[in-house]
Each structure stands twice: as structure tokens, then as C-alpha cells.
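Novice: My questions are about this predicted structure, shown below with the sequence.
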Amino acid sequence: MKARIRGRGPQGDDELTNRLLSYLKSFPGTVREIIQLRPTIFYVHTSAGEFIVKGYSSFNRLILLENFTELLKRHGFRDTYTYFRPGRQGPFYANGLYFGFIEYIPPHPKAFSFQTVEDRSEGLKVLGKFHNVTEKIAGAYRLSIPVAKQISKWEDRLARFSANTPFISGVLGGEVCDEILSWADWALKGMKRGAGLFSEGPQAILHGDVAHHNFLRSRNGRVNLIDFDLVSIGPPILDYLQYANRILPFIGWSFGTLSAYEEIKDFLKEEAFLHALVYPTDILREWNRILNSEKLPDSMKVGHVKEMTMYRLSDRRNFVKTIHARIKTT
């Protein structure tokens, strides 16, 4: 039976897919279907099972992630996938990339989402289990995984956004743009005064990208943490800060709702953490992303990011006022 191949697009994809198909000939099973999900990510269905094939920039990076996920499982964190090598071959190499083979986790009909209380809570529980394990193994990766530098990362993000303010002001209006800049500047100043909170204390391997799409609910209902491309070493508070930033738009920028989460509420007693919650990381990230070249983005992308920026802006302003008030009273 000839394999069904879907998702071919830009020039060069056909050759890459055909090379992958040739590589899989030694796999113990008949290839039934290959779907190109992204330029360097494939779904493969064979008579022996299903898996994801993903490209990495270096062999060392692939080996690091293969070993890391294996070590996670060995130390008791099973809410993720496993890498494997079909037929015990060397890695598939093509177009300057080394491709890893990842266990396919069949998804649940109800996808994970930050829109529900249950999913937000489950995501925090999985993240907590992940940190409990990675605190034990972080020392083994100090030479191979970078140290998280939250403040310098956000300083750079602000600098890039500031360089584009003439264009952004023309889209959002000067007052809104200045307001966003003032939030970022105020947040960074407070973070610097309490910089130890973001670097000291027990160290873990951080996930680094706790967006909703990196939590996968499997067919059996179990929530898994996936995609470790941005791992770093640092205190777990950094992942929880990012998680809080990610869920705030889904809880209407409610400080009271945020403080109801057990894993986060104690961090809200720290002034530096409160400052960090005000930093408009999502706004800066998305504007920087579409303005990351000399060529101006098309109007559709600009319109989308403008809509994201203005969405519930009044709720966000009230949240910032709440944070200011809490800091004055602590």
C-alpha cells in the first residue's frame, strides 16, 4: 500500500518528505500516512504506531532533548512524551537539520485551554510536578542548558519595542503607546530592586514556554507538558510568572481570581513579582515579532496585533491600578 502524503507546500518540501519516506523504509512497519504539519514537523502513521518527526538545528540539541525526556520519566515525571530511534538507526538528517522521533500522544476530544478553571488548575499541577523532578536533575545540566535571565530578556524586549514606537504610535495612538512603555519601565525598575527573586533560591529546569498549546490533554484525560525547546535553569517562580501572564487575559485581569491559585498566591506577597505582573510582555512580544525585519508587516498582521493590544485594555488598566495600590500598602 502506497503511503498517503499530505501537507506539501513550499518548494523543497516534496524532497524533504521523500527523503523522510526513504529513511522510514527500515522502520518495523508499513508507512501509511505522512502529514507535514509545519516546515520541519511531520506526523507519521505506520502499521506499528504513530509518531511526530521534528527537526533540530544541531545533533547535540537533539541528543540533549532525547536524554532530558528520558531522565524526566526515570525520575517519575510521566506527563510527557518519549523520543525514540526507529530501527535503532542514526538520526534522520536533511536540510541542515537533525530530526527527532517523538511518541505521538493521541489528543482528547476536549482540547486543553486556559479558558476554563479546571484546565488552568490542572496546568499548574503538572507544572509543579515538573519542577519537583527538575530540581533534582538541574545540576546535571548546568553546562548544557542556559541560565534564565528574566530581567535582561525583558530589557531587550522593551528596547526593541521602543525602537519601533514611531510606527506603533501611528497604529495605537501616542497615549496608548506611552502607557504601555510606562508599564514596562515601572515593572523593570521594581524587578531590579528585587532581582534576587528571579535568580536565587532552589534551581530547577524551567519549561520556558508555558503557553496553552504546550499542555496536551491525552485521550485518557491526562494533561501532559510538551515541547522543551526553550528550557533553561532558574528558580521555578519564573515559570509561574509566565503562567500568570498567560492566564490573566482569560480571567479578565482579575487579581482576586489570580490569588485563588495555590501555586501562585504566595508569590503575590513579593513586590518584585507584583511589578513583573505589570510588564506587558505579550504586547511587546507580538509587536516585536511582526516588526522583526526592515520590511513593514502587512495590514492584516498589524490589525491582528492591534486588536490583541486593545482587547480588554480597560480591564488591564484596572489591574495595573490594583497592583500599584497593593504595593503602596505592603
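Specialist: Arrived safely.
Novice: Not counting its own residues, what contacts stretch 121-141?
Specialist: 68, 71-72, 75-77, 79, 112, 114, 202-207, 210, 212, 215, 223-225, 233, 236, 239-240, 243, 261-264 (Cβ atoms under 8 Å, 6 or more residues apart in numbering). For the C-beta atoms, the positions are set from N, CA and C on the backbone; glycine is no exception.
Novice: now it: how far from the chain's centre is it?
Specialist: Relative to the centre of its chain, stretch 121-141 is centred 15 Å away, using Cα atoms, centre = their mean, to the nearest Å.
Novice: Measure how buried the spatially closest residue to residue 54 that is not a sequence neighbour is and give me the count.
Specialist: In space, and not counting its chain neighbours, residue 54 is closest to residue 41: 5.0 Å by Cβ to Cβ, 6 or more residues apart in numbering. Residue 41: 15 surrounding residues under other Cβ atoms under 10 Å.
Novice: ok, residue 41 to residue 222 distance?
Specialist: Look at residue 41 and residue 222: by Cβ to Cβ, to the nearest Å, they are 23 Å apart.
Novice: I'd like to know which of the contacts of stretch 121-141 are buried.
Specialist: For the contacts of stretch 121-141, a neighbour count by 16 or more other Cβ atoms under 10 Å gives the buried set as 68, 71-72, 77, 79, 112, 114, 203-207, 210, 212, 215, 223-225, 233, 236, 239-240, 243, 261, 263-264.
Novice: ok now do the nearest residue to residue 195 once chain neighbours are set aside, which residues does it touch?
Specialist: Excluding its sequence neighbours, the residue lying closest to residue 195 (Cβ to Cβ, 6+ apart) is residue 151, at 6.2 Å. For residue 151, the residues meeting the contact criterion (Cβ under 8 Å, 6+ apart) are 188, 191-192, 195, 198.
Novice: for this protein, what spans make up the helices?
Specialist: Secondary structure of the chain, counting by DSSP state H: helices at 13-23, 59-74, 117-137, 150-163, 165-172, 174-193, 237-247, 255-258, 262-265, 271-278, 281-290, 299-310, 313-329.
Novice: Just send those back as TSV, with distance to residue 29 and mean pLDDT too.
Specialist: Conversion of the helices of the chain to TSV gives the following (distance: least, Cβ to Cβ, whole Å; pLDDT from 0 to 100):
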stretch	distance to residue 29	mean pLDDT
helix 13-23	13	86
helix 59-74	21	96
helix 117-137	31	98
helix 150-163	43	98
helix 165-172	52	97
helix 174-193	52	98
helix 237-247	37	98
helix 255-258	47	98
helix 262-265	42	97
helix 271-278	49	98
helix 281-290	39	97
helix 299-310	42	97
helix 313-329	51	95
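Novice: Which among these is found nearest to residue 53?
Specialist: Between residue 53 and the helices of the chain, the shortest separation by Cβ to Cβ is 6.5 Å, and it involves helix 13-23.
Novice: Residue nearest the middle of the chain, spatially speaking?
Specialist: residue 209 (2.1 Å; Cα atoms, centre = their mean).
Novice: now it: how far from residue 328?
Specialist: In terms of Cβ to Cβ, residue 209 sits 33 Å off from residue 328.
Novice: ok, now residue 40?
Specialist: If you measure residue 40 against residue 328 using Cβ to Cβ, the figure is 49 Å.
Novice: Please identify which of those two sits among more neighbours.
Specialist: Of the pair residue 40 and residue 328, residue 40 is the one with more neighbours under other Cβ under 10 Å, namely 16 against 7.
Novice: Not counting its neighbours along the chain, what's nearest that one?
Specialist: Nearest in space to residue 40, with sequence neighbours left out and distances taken as Cβ to Cβ, 6+ apart, is residue 55 at 3.5 Å.
Novice: Isn't that neighbour up against residue 101?
Specialist: No - under the contact definition of Cβ atoms under 8 Å, residue 55 does not touch residue 101, with a separation of 11.3 Å.
Novice: gap between the two ends of stretch 263-279?
Specialist: Between the opening and closing residues of stretch 263-279 we find a distance of 20 Å, counting by Cα to Cα, to the nearest Å.
Novice: What residues sit buried inside that stretch?
Specialist: The neighbour-count criterion (16+ other Cβ under 10 Å) identifies 263-264, 267-268, 271-279 as the buried residues of stretch 263-279.
Novice: Cool, thanks, signing off.
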